[in-house]
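[1] Fold the stuff below for me.
(one chain, ligands or ions: 1)
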Amino acid sequence: MPPMAPPTLALLSLWAVLAACSAQDDPIGALTPSDLEAARQTPQGVFNVSAVTWNPYRDAVMDVNVTGPVASGDWIRVSFSGIPFPDPHGKDWVALYVPGDADPAEVSPVKYRNAKHAEGYMDTGAGSLDFILENHRDTMRFYFMRKAPGEPFVAAKSPLIQLANPNAPMQVHLALTANHSEMKIQWVTKDTGSPAVEWGTSPGHYTSRSKATSTTYTRDDMCGPPANTTGFIDPGVFHAATVTGVKPLEQIYYRVGDEVSGYGPEHSFIAPPLPAASSSVIFAVLGDMGQSEVDKSNEPYQLDASLETSSRLEADDDLQLVLHIGDLGYACGYVAQWDRFYAQLQPIISRVPYMTCPGNHERDYPNSGDRWGSSHSSGGECGVAYARRQQMPRPGDDKMWYSFDFGPIHFS
Ligand SMILES: [Fe+2]
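    Predicted structure coming up:
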C-alpha cells in the first residue's frame, strides 16, 4: 500500500493494554510448581490425560438441569452425589468434555472446576456447580474426575448434552482488506454448507449478499502436541466473506450463515474512514491478552485482567479499530481455548476491524522455522491455527507481515 503523509491527529487514543501472563496462587494445593508454570498459559495442560483410568462408583450420580438442547452462552447446573470418603476431595474435579463420547484418556477437558467449591461438598460428598456452555460444535458431557489432575480417574459421568444448532455461526470478527470500500467478515460453523454474508444500510434490510470461502485445519496440520494430541477437537470450518461497496463511515448491518442451517443474529459496523491526514481515529492496541472464563472454571488460572480489558473495550462506543500485536488467546494447542477467546471478544470484533499478527504463542515450535528454534510456545500449532482463523491482508502462507491505512495512519 502507498505510504501516507504524516498524520495530523485531532484525536488519537492509543491504549497499550497488556494483560499479564500471570496465574493466581493455586488454591487447591494439588499442583506442583511445574504444573502451575505450564498452566499459566494452558489450563488444560496440567491434566495428566494419558493417566486417566475408569473407576465409576456404583452409588455416584452426576446430573445436569437441562433435558433438551442447549445454545452457546447457556448456564447449566451440574449436580453430583454419592462420592465416598476418605479419598482426598480437594482433588475432585468436574470436567466438561467435547464430544460427549470423548475418551478422557485421549483428550483434555474443555473446562473444569474443583468440586470442593460446591457448597457442602467437602462434608457430604454431594453438591452442584454452575457452568456456561459454549458452542464447541458437538455434544458435551461432564465427568467427575478424582485425584485430578495428576492421577485422574472417572468416578461418574453426566447425561449427554446436545447443542440446539452446531452450525450456529460463531466467532464473528472483522478485518480490513486493501480496499477501503470493503470489510472482510469471518466466522465459524461445524460444517461447510453454503455460507454467505448479507448486508444493508438499515437494520433488518439486507440488500446485498456475498458468498464465503471456507477453510479449516485437521489434526495432521498441527506440528506437535498438544495441538495434534490432547488439545485437538474438531475446530469447525472457518468462513470468510467480503462486504463490498461501502462508503466511508457508513453504518452497515449484516448477518452471516446460510439458508440451510440458518443465519445468526444481526451485527453492525462503521465502514473504514478514507485515508486522510485531516481525519481522526480511535483505536486500541492489545498484546498478551489471553482469555478467561466468566463461570470461574479452569480455576485457578483466571486471567481476570483479560476480562476487564475486553469489558472496557466492549463498553467503548467510540472505538473504531483493534490491533492485537501477538499472543491472542493463549490457546497454545487447545481448540477449546480458541472457542472461548472468540466468544469473549465477539461483541467487540464483530463491530470493529480486528487486525492481528502472531506472537510466539501462535507460531513458535521447535524445528518449525520460527526465530527462536527451541520454543514450544504455540503448543504445536505452528501458526496454522492462527492463520486460518485470522485472515489478514498478508502476502502468503507463513508470511505474516502486512500494512494498511486507517484514517490518517499507515500501520505496518
Ligand atoms: Fe505473552
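
[2] in this structure, what spans have low per-residue confidence?
    Counting by pLDDT under 70, the chain contains low-confidence ranges at 1-41, 86-88, 299-302.

[3] quick check: longest helix of it.
    Looking across the chain with DSSP state H, the single longest helix is helix 335-349.

[4] buried ones in that one?
    Buried positions in helix 335-349, judged by neighbour count with 16 or more other Cβ atoms under 10 Å: 335-346, 348-349. Just so you know, the C-beta spots here come from the backbone N, C-alpha and C atoms, and that holds for glycine as well.

[5] Dump those to CSV, plus distance to residue 170.
    Formatted as CSV, those follow (distance: Cβ to Cβ, whole Å):
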residue, distance to residue 170
335, 12
336, 13
337, 14
338, 11
339, 7
340, 11
341, 12
342, 7
343, 7
344, 12
345, 12
346, 8
348, 15
349, 13
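
[6] Now for those: which two are most distant?
    The distance between the two most remote of the buried residues of helix 335-349 (Cβ to Cβ) is 21.4 Å, for 335 and 348.

[7] Return the residues of the stretch 201-350 of the chain in contact with the ion.
    Contacts of the stretch 201-350 of the chain with the ion, taken as Cβ under 5 Å from the ion, map to 288, 327.

[8] quick one: the strands in the stretch 201-350 of the chain?
    Secondary structure of the stretch 201-350 of the chain (DSSP state E, counting those that start in this stretch): strands located at 208-211, 213-215, 237-243, 251-258, 262-263, 267-270, 281-287, 321-324.

[9] Turn the ones you listed into JSON lines, including mean neighbour count.
    JSON lines is the format used below for the strands of the stretch 201-350 of the chain (neighbours: other Cβ atoms under 10 Å):
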{"stretch": "strand 208-211", "mean neighbour count": "14"}
{"stretch": "strand 213-215", "mean neighbour count": "14"}
{"stretch": "strand 237-243", "mean neighbour count": "21"}
{"stretch": "strand 251-258", "mean neighbour count": "21"}
{"stretch": "strand 262-263", "mean neighbour count": "16"}
{"stretch": "strand 267-270", "mean neighbour count": "18"}
{"stretch": "strand 281-287", "mean neighbour count": "19"}
{"stretch": "strand 321-324", "mean neighbour count": "22"}
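
[10] export those strands to JSON lines and tack on distance to residue 225?
    Output for the strands of the stretch 201-350 of the chain, formatted as JSON lines (distance: least, Cβ to Cβ, whole Å):
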{"stretch": "strand 208-211", "distance to residue 225": "36"}
{"stretch": "strand 213-215", "distance to residue 225": "23"}
{"stretch": "strand 237-243", "distance to residue 225": "22"}
{"stretch": "strand 251-258", "distance to residue 225": "33"}
{"stretch": "strand 262-263", "distance to residue 225": "36"}
{"stretch": "strand 267-270", "distance to residue 225": "36"}
{"stretch": "strand 281-287", "distance to residue 225": "26"}
{"stretch": "strand 321-324", "distance to residue 225": "26"}
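
[11] can you tell which of those strands is closest to residue 407?
    That would be strand 281-287 among these, by Cβ to Cβ, at 3.8 Å.

[12] quick one, domains of this protein?
    With domains defined by automatic domain parsing, the chain comprises 12-21+167-411, 45-157.

[13] Residue in the stretch 301-412 of the chain with the shortest distance to the ion?
    residue 327 (3.7 Å; Cβ to the ion).

[14] quick one, what contacts that residue?
    Going by Cβ atoms under 8 Å, 6 or more residues apart in numbering, residue 327 touches 21, 287, 288, 289, 290, 359, 360, 361, 362.

[15] ok, it to residue 289 distance?
    The gap separating residue 327 from residue 289 is 7 Å, by Cβ to Cβ, to the nearest Å.

[16] unless I'm mixing things up, residue 306 is touching residue 289, no?
    Yes. Taking Cβ atoms under 8 Å as the definition, residue 306 is a contact partner of residue 289 at 5.4 Å.

[17] give the contact list for the nearest residue to residue 228 once chain neighbours are set aside.
    Counting by Cβ to Cβ, 6 or more residues apart in numbering, the nearest residue to residue 228 once its immediate chain neighbours are dropped is residue 222, at 3.8 Å. Residues in contact with residue 222, defined by Cβ under 8 Å, 6+ apart, are 228, 232, 333, 380, 381, 382, 384, 385.

[18] and with 7 Å instead?
    228, 232, 380, 381, 384 (Cβ atoms under 7 Å, 6 or more residues apart in numbering).

[19] returning to that earlier point: how many neighbours does the closest residue to the residue of the stretch 301-412 of the chain closest to the ion other than its chain neighbours have?
    Nearest residue to residue 327, sequence neighbours excluded (Cβ to Cβ, 6+ apart): residue 359, at 3.6 Å. Counted with other Cβ atoms under 10 Å, the neighbours of residue 359 add up to 19.

[20] Same question for residue 244.
    Around residue 244 there are 13 residues (other Cβ under 10 Å).

[21] Hmm, it is touching residue 182, no?
    Yes. Using Cβ atoms under 7 Å, residue 244 is in contact with residue 182, at 5.3 Å.

[22] all helices of the stretch 101-250 of the chain, in order?
    Using DSSP state H, counting those that start in this stretch, the helices found in the stretch 101-250 of the chain span residues 121-124.

[23] actually the stretch 301-412 of the chain, not the one I wrote
    Under DSSP H, counting those that start in this stretch, the stretch 301-412 of the chain gives helices at 304-315, 335-349, 360-363, 384-389.

[24] can I get the CA coordinates of the shortest one in PDB?
    Meaning helix 360-363. Provided in PDB are the C-alpha atoms of helix 360-363 (Å, rounded to 0.1, in the frame of the first residue of the first chain):
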ATOM      1  CA  ASN A 360       5.200 -16.800  20.000                       C
ATOM      2  CA  HIS A 361       2.100 -18.400  21.400                       C
ATOM      3  CA  GLU A 362       0.600 -18.600  18.000                       C
ATOM      4  CA  ARG A 363       3.700 -19.500  16.000                       C
END
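
[25] I am finished for the moment; much appreciated.
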